[in-house]
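*Asks:* Quick one: sequence plus predicted model below, questions after.
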Amino acid sequence: MPNENRLDPQALKERIGKHLRTADEFTRYQRYEEAILEIESALDLDPKHNYARSFLERVKLMHKRLQEKEAVQSGPQEMSLEERMEIISRHLTTAEGFINKKDYKHALEEVAFVYKIDPKNYYAQTYSERIDLLMLEENIEATKITKTEIKPDIARMPQSPASERGSTPMYRELLKEAWFDGKVSEEEAKKLAAIRELFGITPENHRQLEHEIKIEAYLEALYIAARDNVLTDMEQKTLTMMRIKYGISPEEQAAAEARYDEIKNSSKSHGTILIVDTDRDVLVSLSKVLKQRSFSVLLAQKVEDAMQLLMRQTPNIILSELFFTNSQIDGVAFFEKLQGHLLLKQVPFIFVSSLKDKKIIQAGLRLGIDHFITKPIDVDLLLAIIDGKLRM
């Protein structure tokens with residue numbers, strides 16, 4: 001067999017390129033073991049080929065991730081996208097509570113939990129950057145530095161949908177990693193340019209893929225932030241940071257938000273239910289049950305927060321605890337407050353409480369409360385009551 005290394009430089013380059021392109025095709029279909037063999041063949045021809053080595057490391061990492069994903073899906077701890085987003089949203093909500101108290105240490109710990117679930121979560125990355133900036137603002141007087149430090153020099157991206165021609169799984173992965181911190185380093189830019197040349201990726205392909213990755217990152221962040229149908233001040237500022245960091249234009253923002261609304265509406269919600277309860281476990285468990293039955297859910301842990309939600313959106317039904325340890329307003333006062341609003345007083349109001357005193361239940365019903373459900377909650381009974389109220 002002739003010595004492959006005695007080929008002239010151009011022929012050698014072509015042989016290496018053929019192996020790498022074949023490896024890329026295998027990678028596209030997640031045939032990672034075959035892709036690794038092709039890359040190793042390329043390295044046999046040129047052991048010092050930097051991009052072949054980089055490609056090999058990348059494919060091995062992708063293979064490992066696939067194996068880990070398959071192991072999780074085959075085991076008892078399988079986590080759906082909805083469950084993953086719910087946990088991420090819960091940790092970031094807790095982080096926001098710490099931020100409001102200026103307890104940035106614990107806020108960052110909550111963000112760290114998100115990284116354990118999704119190490120490449122762009123929204124969590126921007127959230128932590130927002131915390132860093134708030135910490136910085138506490139130590140300096142010139143707060144104008146906030147905007148100048150986070151805005152990269154990004155060319156305006158086209159709005160046309162990305163073409164798959166010329167794209168490769170490896171290049172897409174490299175792009176995602178390069179943009180994770182909001183800027184592309186000189187070394188990353190050189191590596192990307194070399195990969196583009198090797199695989200024939202045109203500048204237009206590159207821009208379209210880059211644009212797609214940024215919009216997907218923003219859309220995922222919007223999905224997490226808007227799960228409770230309300231964007232807090234912290235969430236709005238974090239999303240603004242993402243738009244600046246990734247150079248998302250107002251038109252692209254509108255397109256992404258329209259896509260989010262389309263996805264949200266496609267779930268065919270049976271109605272919106274506001275749950276007000278001090279106990280977060282009750283909120284989470286009830287929310288999960290209702291979402292599984294295609295209801296949209298709003299959550300609040302005290303009456304004051306519930307009133308803010310009601311000023312922005314009118315639900316179809318309100319489920320409320322009777323007593324709140326973290327509020328000066330109890331459930332009865334909450335109900336009476338709603339009677340002063342022309343629209344909100346029409347919304348069916350149901351007490352969900354651990355109290356089982358018959359006299360209290362009767363008093364509540366005399367006030368005009370629609371129903372009284374005691375804890376532990378009979379889910380089938382609750383769903384039957386909700387269904388009956390929505391049909392009226």
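*Replies:* Cool, the structure landed.
*Asks:* gap between Gln10 and Leu45?
*Replies:* Distance from Gln10 to Leu45, counting by C-beta to C-beta, to the nearest Å: 13 Å. Any C-beta I mention is one placed from the backbone N, CA and C, and that applies to glycine too.
*Asks:* between the two, which one's more packed in?
*Replies:* For Gln10 and Leu45, the more surrounded residue by other C-beta atoms under 10 Å is Leu45, and the numbers stand at 16 against 8.
*Asks:* Verify the stated contact: the more buried one with Glu14.
*Replies:* No: with the criterion set as C-beta atoms under 8 Å, Leu45 and Glu14 do not qualify as a contacting pair; they are 10.4 Å apart.
*Asks:* Disregarding flanking residues, what is the spatial nearest neighbour of Phe335?
*Replies:* What sits nearest to Phe335 in space, not counting adjacent residues and going by C-beta to C-beta, 6 or more residues apart in numbering, is Phe349, at 5.5 Å.
*Asks:* For that neighbour, grab the count of nearby residues.
*Replies:* When counting by other C-beta under 10 Å, one arrives at 23 neighbours for Phe349.
*Asks:* ok, now the one 4 residues further on?
*Replies:* Ser353 is flanked by 20 other residues according to other C-beta under 10 Å.
*Asks:* Quick one: residues contacting it.
*Replies:* Neighbouring residues of Ser353 by C-beta atoms under 8 Å, 6 or more residues apart in numbering: 321-323, 331, 372-375.
*Asks:* need the next SSE after the helix or strand of the chain with the lowest mean pLDDT, C-terminal direction.
*Replies:* Across the helices and strands of the chain, the lowest-confidence element by mean pLDDT, DSSP states H and E is helix 145-150, at a mean of 37. For helix 145-150, the following helix or strand on the C-terminal side (DSSP states H and E) is helix 169-178.
*Asks:* residues touching Asp378, list them.
*Replies:* Remark: with contacts taken as C-beta under 8 Å, 6+ apart, Asp378 is in contact with nothing.
*Asks:* Please report how far the nearest residue to Glu210 once chain neighbours are set aside lies from Ile360.
*Replies:* Taking C-beta to C-beta, 6+ apart, and ignoring the residues beside it in sequence, Glu210 has Leu175 as its nearest neighbour in space, at 5.9 Å. Per C-beta to C-beta, Leu175 is found 61 Å from Ile360.
*Asks:* So for these two, which residue has more residues nearby?
*Replies:* Neighbours were tallied for Leu175 and for Ile360 using other C-beta under 10 Å; the higher tally belongs to Leu175 (21 against 15).
*Asks:* What ranges in the stretch 201-350 of the chain fall below the confidence cut-off?
*Replies:* For the stretch 201-350 of the chain, the stretches flagged by pLDDT under 70 are 227-230, 262-269, 326-328.
*Asks:* That one: helices as residue ranges?
*Replies:* In the stretch 201-350 of the chain, the segments counted as helices under DSSP state H, counting those that start in this stretch are 203-225, 233-245, 250-266, 280-292, 303-312, 331-338.
*Asks:* Give me the below-cutoff pLDDT ranges for the stretch 1-150 of the chain.
*Replies:* Applying pLDDT under 70 to the predicted model, the residue ranges of the stretch 1-150 of the chain that meet it are 1-7, 65, 68-82, 136-150.
*Asks:* 90 instead?
*Replies:* Screening the stretch 1-150 of the chain residue by residue with the criterion pLDDT under 90, one finds the ranges 1-35, 42, 46-150.
*Asks:* Alright, calling it a day.
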